[in-house]
Structures are given as structure tokens and as C-alpha cells.
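Novice: Predicted model and sequence follow; I will ask about them next.
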Amino acid sequence: QLQASGGGLVQPGGSLRLSCVASGFTFDDYAIGWLRQVPGKEREGVSCISRTGGSTHYEETVKGRFSISRDNAKKTVYLQMNRLEPDDTAVYYCAARLGFITMQAELYTYWGQGTQVTVSS
């Protein structure tokens, strides 16, 4: 299981830190991704991190604003989101998969329940 938290309402330019806590599988073996979805659109990859944390990838519009990290001892992945923009508004999901990192939603095995992020003044 994956449990995502940390979403909320924030003004443009503000920050949020999302957390994703894993249980029930060998966390160290899994790459983790953060993906987001708005109504009427497909789920899109935001960022992902390899099982050791040595490799990361970001969607173009969040580069320089978002930062992904993981603490394998705590079985937790974080997404630090700075300089948030209204277009970042979405439900954010964390997901896990064995193997290489990817931004493709269909390649993930385990999913969290999602946490709402709303950026609005």
C-alpha cells in the first residue's frame, strides 16, 4: 500500500511538501513516481525517483520548482513543491514499480489514494 498526504490549498508562489508512505512490500526494490490528474485529462507523470534515489526525472514544467527525494529507512518518498502555480492544481498520486524509473502511468503497479493540491488566490 501507498499512503499519500500533504496536499492542500495554497496561494500562487507558495510551497507544499507531499509525502508517500509505503507498506506491505519491499520498498527499497521499487522506483517511485508522483503523477497528477485533473478532471477530463489523463494522469501525467510529474517526477520519479529510482530505488536508491540516485536517478530522478522531472516533467518539464516543474523543473527547478519541484524536488523529489526518498528515505528508504522510513519507506517514504517526498515531493517538495515550490513556486506553485495555478496549473499545478490536480490530484497528486504516488505510485511504485519494480525496475527503471518512468513517467508512464500504465507502467506502475501500486498506487496511493491521491491527495488534492489546489493553487489559488
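Specialist: It's in.

Novice: Report how many residues lie close to residue 29.
Specialist: Neighbour count for residue 29, taken as other Cβ atoms under 10 Å: 12. For the C-beta atoms, the positions are set from N, CA and C on the backbone; glycine is no exception.

Novice: same check, this time on the one 10 residues further on
Specialist: By other Cβ under 10 Å, the residues close to residue 39 number 6.

Novice: do the one 10 residues further on as well
Specialist: Other residues within reach of residue 49 by the criterion other Cβ under 10 Å amount to 22.

Novice: Is it bridged to anything, and to what?
Specialist: Here residue 49 shows beta-bridge partners residue 32, residue 56, assigned using DSSP bridges.

Novice: Pretty sure it sits against residue 67.
Specialist: No - using Cβ atoms under 8 Å, residue 49 makes no contact with residue 67, being 10.1 Å away.

Novice: for the residue nearest the centre of the chain, what are its contacts?
Specialist: By Cα atoms, centre = their mean, the chain has its centre lying nearest to residue 34, at 2.3 Å. With contact taken as Cβ atoms under 8 Å, 6 or more residues apart in numbering, residue 34 is in contact with 18, 20, 45-48, 68, 77, 79, 92-95.

Novice: And the nearest residue to residue 109 once chain neighbours are set aside, which helix or strand is it part of?
Specialist: In space, and not counting its chain neighbours, residue 109 is closest to residue 97: 5.0 Å by Cβ to Cβ, 6 or more residues apart in numbering. Under the criterion of DSSP states H and E, residue 97 resides in strand 90-98.

Novice: Can you list the buried residues in that strand?
Specialist: Of the residues in strand 90-98, 90, 91, 92, 93, 94, 95, 96, 97 count as buried by neighbour count, 16 or more other Cβ atoms under 10 Å.

Novice: That one pairs with which strands, parallel or anti?
Specialist: The pairing partners recorded for strand 90-98 under DSSP bridges are strand 30-37 (antiparallel), strand 110-111 (antiparallel), strand 115-119 (antiparallel).

Novice: Which residues does that strand contact?
Specialist: With contact meaning Cβ under 8 Å, 6+ apart, strand 90-98 is reached by 2, 4, 7, 18, 20, 22, 25, 27, 29-38, 43, 46, 77, 79, 105, 107-117.
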